[in-house]
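Q: Below are the sequence and a predicted model for it; my questions follow.
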Amino acid sequence: MNALLIACLACTAAAATGFAFLLAAETLRNRRRTCYHNLLRQRYLRIVMLALFAERPAVPHFPLLRRRDSRLLLAETLAGLGAMTYGLPTGLLSEITARYRLDEWLLRRARFAQGYRRARYLALLSELPATESVSRHAARYGDSRNRYVRFYALMIALTAEPPAALQRMAGCAWAFSATEVAEITTALRRGLLPIAYRPLVASASPNLRRVGLSIVRQFGIEEAGPQLLQLLDDDETAVAQADVLHTLCALRRPLLCREVRHSLGRMKPAERRTLMRCMARSSYAPELLRRLFDKNECAYYETIVQSHKRCLV
C-alpha cells in the first residue's frame, strides 16, 4: 500500500514538473517572439522613415518578409504611421502597399478569419491607402453580424471614396456609437474625409448629425453656437439634444438662455446627471447650475466638483 502511494506521488510530481517545464518553455518562446516582433517593427519603421525623407523617394526593400507574421508587422507599421501623423504624403505608402500586395494579403486573411480577427484585418486596411477595388471586396462585410466588422468595412469605403462619404454614413442602418464617431473624426483630422460641419449638423440623419457635432467639439468651432441653439429649439431633434448640450459645454458657451432651459426641462434625470458631469469637466461654476437645476441636483454637482479636486469660479 505504501509502495503504491509512493508511486502515485512520484507520478504526480513528475507530471507537475513536466507541466512546469512546458509552461516555462512557452513563456520564454512568447517572450522571444515579442522581442523579435518589436525589433522587426522598429526596423521596418526606420526603413519607411528613411525612404520618406530621402531626396528621391523610392519603394524600399523590407527584409524577412517571407517569415511568419512579417507582412502583418509591415502592415501594422504602415497603418500606425498613417494614423499618428498629419499631412503625411500617402504616395510612397500606396506604392509600398501595392508593391508588396499588403491589401490583397489582408483581404485574404480577413476572408478566412472570423469575428474580431476579421475586424482587426479590416481595421488595418482602413488605415492603409485604400483603393476602389479594395472597397468593393470589403463591401461583402457590410452586412456582418459583428458590429466591428461592419464598421471597419464602412471605414474602408469612406477612405476609398471620400466624395460619397456623407451618403454612405447616412445610409447606415445602425446608430454610430461614441467610439465609432471618434474613429470617423480621427479620419477627418488626418485629412482623409472632407470637413463641412454645417450640413452635417443640420442633417436629418442622426449619424451625420452626431459626426457634425463631434467635428464642432474636436475642432472647437465656436461659430456653430447659433446653429446649435436652433437645434435645441427644434422639437424634431429632441433625440440629439443631449449631444447638442454636450457640444455647447465643450465649447464653453453660455448656458443661461431660453433654448437650454427648454431642453433641460425635457431631459430625463439620468441624462441631466450625465450633463452635469460634462459641465464639471468643462469647469462651469456651481452658481450657474443653481439657476438651471434644483437643490438636490446642485448638491450632486458640488460632489462632482469636489471629486475632481478643482476650484471652479
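A: It's in.
Q: just how off-centre is the helix or strand hosting residue 4 within its chain?
A: Taking DSSP states H and E as the definition, one finds residue 4 inside helix 2-52. Counting by Cα atoms, centre = their mean, to the nearest Å, helix 2-52 is centred 32 Å from the centre of its parent chain.
Q: Going by contacts, tell me the helices and strands next to that helix.
A: helix 70-83, helix 91-99 (3 or more Cβ pairs under 8 Å, 6 or more residues apart in numbering; DSSP states H and E). C-beta coordinates here come from the backbone N, C-alpha and C atoms, glycine included.
Q: Out of those helices, which is closest to residue 216?
A: helix 70-83 (22.5 Å; Cβ to Cβ).
Q: now that closest one: how far from the chain's centre is it?
A: Centre-to-centre, helix 70-83 and its host chain are 17 Å apart (Cα atoms, centre = their mean).
Q: swap in stretch 257-264?
A: 32 Å.
Q: Now that stretch - C-alpha only, PDB.
A: Presented in PDB, the C-alpha positions along stretch 257-264 are these (Å, rounded to 0.1, in the frame of the first residue of the first chain):
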ATOM      1  CA  CYS A 257     -30.700  81.100 -22.300                       C
ATOM      2  CA  ARG A 258     -34.200  80.100 -23.200                       C
ATOM      3  CA  GLU A 259     -33.200  77.200 -25.500                       C
ATOM      4  CA  VAL A 260     -31.100  75.500 -22.900                       C
ATOM      5  CA  ARG A 261     -33.800  75.800 -20.200                       C
ATOM      6  CA  HIS A 262     -36.400  74.400 -22.600                       C
ATOM      7  CA  SER A 263     -34.200  71.400 -23.500                       C
ATOM      8  CA  LEU A 264     -33.300  70.700 -19.800                       C
END
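Q: what's it in contact with?
A: Stretch 257-264 has contacts (Cβ atoms under 8 Å, 6 or more residues apart in numbering) with 229, 230, 232, 233, 241, 244, 245, 248, 272, 275, 292, 293.
Q: ok, back up a step: now do the helix holding residue 4 against helix 70-83, angle only.
A: Helix 2-52 and helix 70-83 are oriented at 50 degrees to each other (axes from the mean of the first three to the mean of the last three Cα atoms, to 10 degrees).
Q: model confidence over helix 2-52, on average?
A: Taken as a whole, helix 2-52 carries a mean pLDDT of 77.
Q: again, but for stretch 220-228
A: 81.
Q: what do you get for stretch 79-89?
A: Mean predicted confidence for stretch 79-89 is 72.
Q: what do you get for stretch 283-303?
A: The average of the pLDDT scores along stretch 283-303 is 78.
Q: Within the helices and strands, which one has the closest residue in space to residue 107 that isn't next to it in sequence?
A: Nearest residue to residue 107 in three dimensions, chain neighbours excluded: residue 137, at 5.3 Å (Cβ to Cβ, 6 or more residues apart in numbering). Assessed by DSSP H and E, residue 137 sits inside helix 132-138.
Q: give the contact list for the closest residue to residue 140 other than its chain neighbours.
A: Spatially, and ignoring its direct neighbours in sequence, residue 140 is nearest to residue 153 (7.9 Å; Cβ to Cβ, 6+ apart). By Cβ under 8 Å, 6+ apart, the residues touching residue 153 are 122, 138, 139, 140, 141, 142, 144.
Q: Which stretches in this structure count as strands?
A: With strands called from DSSP state E, the chain shows none.
Q: gap between the closest residue to residue 105 other than its chain neighbours and residue 257?
A: The shortest distance from residue 105 to any non-neighbouring residue, by Cβ to Cβ, 6+ apart, is to residue 71 (5.4 Å). Using Cβ to Cβ, to the nearest Å, residue 71 is found at 56 Å from residue 257.
Q: same check, this time on residue 296
A: In terms of Cβ to Cβ, residue 296 sits 23 Å off from residue 257.
Q: Between those two, tell me which one has more neighbours.
A: Between residue 296 and residue 257, counted using other Cβ atoms under 10 Å, the more crowded position is residue 257 (14 against 9).
Q: all helices for the stretch 101-250 of the chain, in order.
A: Using DSSP state H, counting those that start in this stretch, the helices of the stretch 101-250 of the chain run over 102-112, 115-127, 132-138, 147-160, 165-170, 178-189, 197-201, 206-219, 225-232, 241-250.
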